[in-house]
Each structure stands twice: as C-alpha cells, then as structure tokens.
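Trainee: no FASTA, just this:
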C-alpha cells in the first residue's frame, strides 16, 4: 500500500480484516504480509519536535489508540502542554499538539537527534503499537509539501502544507504544490523492494495529489510501480464528485484535475499507457464514470466504497483485490 | 548575582523584597536593577528538547509559578506526557519532565532551532514570567557539566551532571567535574558589563562548585569579578558542616575542599589575594568559622542564614549588603 493518513489508515484496517478472513493466522490476525509505505510530505518541525501526521495516524489506527471520532490523534487526548505553551507566544497554536501525541513526537525527535533514520525510528515506535503491518516512511530524507499561494500584496508565497490545510482549511487558492527537499530524497530502505516483490499493490482512497502523489514523486517509486509484476489496484477517494473526507477537491483543482472518480483514474493513468494503475474501484454512485472508463479499456468496477466500519471496509478491500484476480 | 537554581532563586526573591523596602517603586517592586547571571552548566538535551534547570527555577520562582514544596518545577504540575513517553522505551525517565515544564522546553527549543541565542530565548520566556530581574544565562554557548566517575569495570567514564545528581543522587563518587564545551564558550552579552558596572555583586548560597564555580569558569567572568569596583559579598551554602540543601558536600569532596563555611570562603578566596570575595556571611552556628576567617583578615559575619521564608531571606540579603557597606 501507498498511504496517506486517515483514509489510508482506515482502509488498511479493513484490508487486514479481509486478509484475516482469507489467510487467518489462528490468533485473530493474518499470515499475509502487508507493507504500508506512508506519505511523509506532511511532516513538519513544530516547537523543535518532528511531527509525522500520516505515520502517526497509521500507527494509532492500526495500534488501537486512534481517536475514532476525528480519525487522527490519540483517544483520551488532552492539551495541557499546548495550553500552557500558548502563553509563551511562539506561534504554532493552529496545530493541535495533544499531550499523548507529543510523547510520540518527543520519542521520535530524540531518536532522530541521536542519528537514527526515520525508518529506524518508525520501527522503534511500532514496537509499542504493533500495527500488524510493516510501516515504512516513503523516504528517510525530509520532504515537505509546501503550497504556493498568492501573497497578500501580490506575488506568491509558500506555506507548509499542514499550515495551509489545518490553519487555513485549504481556503487559500493553491496555485501549485512544491515538494521541498524532493530532489535530495530517495525511497526509504525496503520501499522499492516491497513494490517489486509484492503480490498486489493497493492505492487506498487517500488524497491522490498530496498523499499518494507525493509518494509517487519520490525517486524510483513510480518506476517501481510501472515495473512490478504485481497488479496495481486503486480505490477512488472521490465519490459523487466530491472528496469523501478532507479537501482533495482543492488539491485536484490546483493541478488542473476535475474532481471526479474518472478524472482521478486518468490522472493516475493505466499501466502500459504511461500510468500506474491496472484497475480502479469507484463508488456505486459513480457507475457512469465506471462505464466511461470501461469503454476506454479500463478494468473498473462500481460498488459501495464508504468505509463506514471495519466490516464494510473489509468488503471494499476484498472487492478491490478480486478486481485484479487476488 | 551569580546564581544556581533553588538556593539562588530563593535568595534572589529575598533580595528583591529587601530592595523593595529600601528602594520602593511604589508598585510593590523596587527601582533597584538586579541582574542575575545563571549557571547553564546543568543544561541538557532530553528527548530532543533543551532543558535549562537553573534558568527555569529562577523564572518560575521569581515569576510566582514555582512548586514551593520541592523548590523546582511548576506548581500544579502533571506528568501526562512523560508517563506516556515511558511506553516508548527511549530512556531518560530518571528526569522528571512535567507537562507545564515541557511547554517551557518546547518554546525554548523552537526559538533555539530558529537560530536565536539562549540570551534572546531567555528574554523571550521572561516576557511571560516577569521575574523582576534581568535574567542572563552565563553563556550563549552550550557548556555542560559532566562528572568523571569510576567505571564499573575499572577506568573512568563521564556522566552528565544532571544524571549523576538526579538519577544517582550524587552517590557515585565524583573524581572530577568537567565542563564540556567550556573552551569554546564566552560570557553571554551583558554578563561582563553587569559585573563591571554593578554597585555590588552577590554570590548567593548556591553550590560553590557546580553552580557558582561553573559560572566563574566561563572566560572573563572571574577576571571581571577581580576587576570590578563593586564589592563582592557571598553567603555560605554550608551551615554547620553540611549543605543546607542539595549535595554540595559530594561536590566539594571531589575538588578537595572541606565541607565547612570557612573552607568554602577560602576556596572562593579574597580579592587582592587571588580570590573573588570581599566579604562572607556565615550562619550563626558557624561563629567559630567566622572568628577564624576574621583572624586572617576577612570581612565576615555570623548571623541566621536559613531562608525559611521571604521575610527571613530579605533580612539575610540586607545583612549581606550592609556587610559591604551597601
């Protein structure tokens, strides 16, 4: 899997449930081996500590510690530190920095400052959360997605993606996304091998621009998806012409892609035709998009794709796998 | 003032009360200007954030936020973050990292990472606490006191002072103290000018080895104390042959100084005789030490020096100032 945060994490939980039924390990899990390659383009330094929103959402969701209602952050979270921190007037208060979440950032920052790579740090943190998957950052180098917006007095300026997304609720029109550090970044250890050695690669309903798109932009990742012998299947994050969650429409608009299930499929493209997908699962309400794509030669299916609970998500995962013969 | 943590902070509070009576500003404070030069040799990086124990104790004490019972840390402190952090198994659990205290470390770390000096950061943090003094770190460069101890399998090894002090309760015999980074450190902006331009310099009853001693070791500080036209008066941290608080005896032993009020005076030495003191205030129980020192030409007085409350501490400060004609 190539995954962003909330959507990818929830899908992974469903995928594990599906695999637990198909290939049970006798202890409630699965013998199938799942590698999740997480977007780290949303990562940021905040108050001197390293925050990795998508890695954390994946760890907490798969480790049973997620705040289910909001989809990110820890359950039973508090904000004692950040409330006090606000009195120092150092900014950054737009980002919710929960006390329990902060413990993760401190552990990560310590290990990074000791010279460990983000891959090594993630493996260490996962010893606590036991997510049931091999969780890999897309890269051990810092790649930060910034958003090019119009400046107040004309001209352009760059905002960190999280500031644009969380602080401004994606309301400032984005002209373009810039992955700062991308040219110096390479895929983290295990990423390319996982893609080349997989039985199947899944693109969950994560943001196609700033989550999956960022992972695909890391040197070697797109080429590995093109080259792998595994089928590649994606699930549309766009249902009925709108993002199910988040603000994918603003992101798609910035790169000139229509907010529709079919347009996102064409944006990813078909393998053998310059793209990365073998098959595309769209929601039942997008049967029209499915017909259009099928007429152009796509392997596509329309079916319920709302991840209302783990069981429903497991059925979506099952259907996606079957679509590529798995 | 040259100050360590708890003792120096409590003394400063008394000094301000004393000055508030002598030179009231009509609003409960004083028109006198007090500069406190704080030891930063106990500072450490912990979980990726910068902790400055003595600066924080001074800020909290003078800002009215100190935990009075323990003398350090914030009142109404909690440990939600550190309790969760322990589950990550990254060590460092010997250091109490309170939630409110952590807010200070995060603000400081952020500002340091943005390129500000520790002096600038301290001034920023003091905008919140309004300590009523100008609070300066002894140096903007990192100087960390380490303790040379005997290794388990022979040989020697270095421990950070805070680890020796807090984790091992100073129970591992110290062979020597090493100020790591001292050769690259210079006095922070304002430190030398404050000493040279002062009306009086006070050495509070802080640890003479690892608090005041460390400040004196910073390039230029000892020379400024020798050169200043201001009288220099100290208050003994040793009462009745023991440290009133803390573990100064273990520290004194490591540098071959007896744990007595007179021995500490001789360790500091008299100005004009290779030392830095003009006068020395010892506790009433050490009248014998006072007589010995007086016989050798010292300006010395024996009087109650236990800082039982702010009023008592103000009287000690008043007596110390009068001893040098202030």
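Mentor: The structure has been received and is ready for your questions. These numbers come from a predicted model, not from an experiment.
Trainee: And the helices in chain A, which stretches?
Mentor: Using DSSP state H, the helices found in chain A span residues A:6-22, A:53-62, A:80-85, A:99-113, A:118-129, A:161-162, A:191-197, A:212-217, A:221-227, A:248-254, A:261-268, A:287-295, A:310-323.
Trainee: looking at these, which is buried most?
Mentor: helix A:53-62 (a mean of 26; mean count of other C-beta atoms under 10 Å in any protein chain shown). All C-beta spots, glycine's among them, are computed from the backbone N, C-alpha and C.
Trainee: what sits up against it?
Mentor: Identification of contacts with helix A:53-62 by C-beta atoms under 8 Å, 6 or more residues apart in numbering or on different chains yields A:3-6, A:8-10, A:12-13, A:16, A:36, A:38-40, A:42-43, A:65-67, A:71-74, A:101, A:104, A:122, A:125-126, A:129, A:131-133, A:135, A:137, A:162, A:211.
Trainee: Report the rounded mean pLDDT for that helix.
Mentor: Mean per-residue pLDDT for helix A:53-62: 98.
Trainee: One more: stretch A:287-294?
Mentor: In this model, stretch A:287-294 has an average pLDDT of 98.
Trainee: can you list the helices of chain A in a markdown table and add distance to residue B:248?
Mentor: Shown next, in a markdown table, are the helices of chain A (distance: least, C-beta to C-beta, whole Å):
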| stretch | distance to residue B:248 |
| --- | --- |
| helix A:6-22 | 54 |
| helix A:53-62 | 45 |
| helix A:80-85 | 32 |
| helix A:99-113 | 31 |
| helix A:118-129 | 39 |
| helix A:161-162 | 48 |
| helix A:191-197 | 55 |
| helix A:212-217 | 56 |
| helix A:221-227 | 60 |
| helix A:248-254 | 61 |
| helix A:261-268 | 69 |
| helix A:287-295 | 77 |
| helix A:310-323 | 61 |
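Trainee: quick one: contacts for residue A:260?
Mentor: With C-beta under 8 Å, 6+ apart, residue A:260 has these contacts: A:238, A:241, A:286, A:289.
Trainee: Tell me who's in contact with the closest residue to chain B within the stretch 201-326 of chain A.
Mentor: Nearest residue of the stretch 201-326 of chain A to chain B: residue A:214, at 24.2 Å (C-beta to the nearest C-beta). Shown in contact with residue A:214 (C-beta under 8 Å, 6+ apart): A:39, A:41, A:138, A:143, A:145, A:179.
Trainee: From chain B, how far off is the third one?
Mentor: This means residue A:138. 22 Å (C-beta to the nearest C-beta, to the nearest Å).
Trainee: give me the number of residues near the residue of the stretch 151-300 of chain A found nearest chain B?
Mentor: Across the stretch 151-300 of chain A, no residue is closer to chain B than residue A:160, which sits at 14.4 Å (C-beta to the nearest C-beta). When neighbours are counted by other C-beta atoms under 10 Å in any protein chain shown, residue A:160 registers 20.
Trainee: Okay, and the beta partners of it?
Mentor: residue A:146 (DSSP bridges).
Trainee: what pLDDT does it get?
Mentor: On the pLDDT scale, residue A:160 is placed at 94.
Trainee: now do the one 10 residues further on
Mentor: Residue-level confidence at residue A:170 comes out at 88, pLDDT.
Trainee: what residues are up against it?
Mentor: A:164, A:247, A:250-251.
Trainee: Filtering those residues by proximity to chain B, which remain?
Mentor: Among those, no residue is within reach of chain B (C-beta under 8 Å from any C-beta of the partner chain).
Trainee: Next, format these as TSV and append pLDDT.
Mentor: Formatted as TSV, the contacts of residue A:170 follow (pLDDT from 0 to 100):
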residue	pLDDT
A:164	93
A:247	82
A:250	91
A:251	94
